[in-house]
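K.L.:
here is my input, please return the structure:
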Amino acid sequence: MSAPLPWTLAPDGLVVTVRATPRGGRDAIDGFVELGDGRTALKARVSVAAEDGKANAALGKLLAKAAGIAPSRVDLVSGATGRTKAFKLNGDAAEIAARLQALIGE
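P.N.:
Next comes the predicted model:
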């Protein structure tokens, strides 16, 4: 893939950029998407509506499952009310990145 990865490594985890689709029919990560500003994001959908933080919570659980970490180790960093969000996945950054890459098939 020529575009940059949708995450950056941090000392205690990694920060993932996500393009969210609430009420997407199912909970799934559907690969990568290029954003209008040239950044890359994980394309994710959740079945719940974007009300009262339910979609953000569902996205956090989806990312935790994909990364192999507990949902309590996922923090929403930015984008609480927008479709483009940043989540911090706390744990071994290299291990989490490897799991996400394997899930996407990169």
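
K.L.:
please work out the average pLDDT along whichever helix in the chain runs longest.
P.N.:
Longest helix of the chain, by residue count under DSSP state H: helix 54-67. For helix 54-67, mean pLDDT rounds to 95.

K.L.:
same question, stretch 35-46
P.N.:
Taken as a whole, stretch 35-46 has a mean pLDDT of 93.

K.L.:
residues in contact with the helix or strand following the longest helix of the chain?
P.N.:
Heading C-terminal from helix 54-67, the first helix or strand you meet, by DSSP states H and E, is strand 74-78. Contacting residues not belonging to strand 74-78 are listed as 15, 56, 60-61, 63-64, 67, 85-90 [Cβ atoms under 8 Å, 6 or more residues apart in numbering]. Glycine gets a C-beta too; all of them are placed from N, C-alpha and C.

K.L.:
ChimeraX command to pick out the buried ones of those?
P.N.:
Here is the ChimeraX selection string for the buried members of the contacts of strand 74-78, based on 16 or more other Cβ atoms under 10 Å:
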select :15,56,60,63,64,67,85,86,87,88,89,90
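
K.L.:
would you turn the contacts of strand 74-78 into CSV with distance to P4?
P.N.:
Formatted as CSV, those follow (distance: Cβ to Cβ, whole Å):
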residue, distance to P4
V15, 13
N56, 24
G60, 23
K61, 26
L63, 18
A64, 23
A67, 19
K85, 17
A86, 14
F87, 17
K88, 18
L89, 17
N90, 22
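
K.L.:
what sits against the most centrally placed residue in the chain?
P.N.:
Centroid-nearest residue in the chain: V18, 4.4 Å away (criterion: Cα atoms, centre = their mean). Applying Cβ under 8 Å, 6+ apart to V18 gives the contacts P6, A41, L42, A44, L59, L63, G79, T84, K85, A86, F87.
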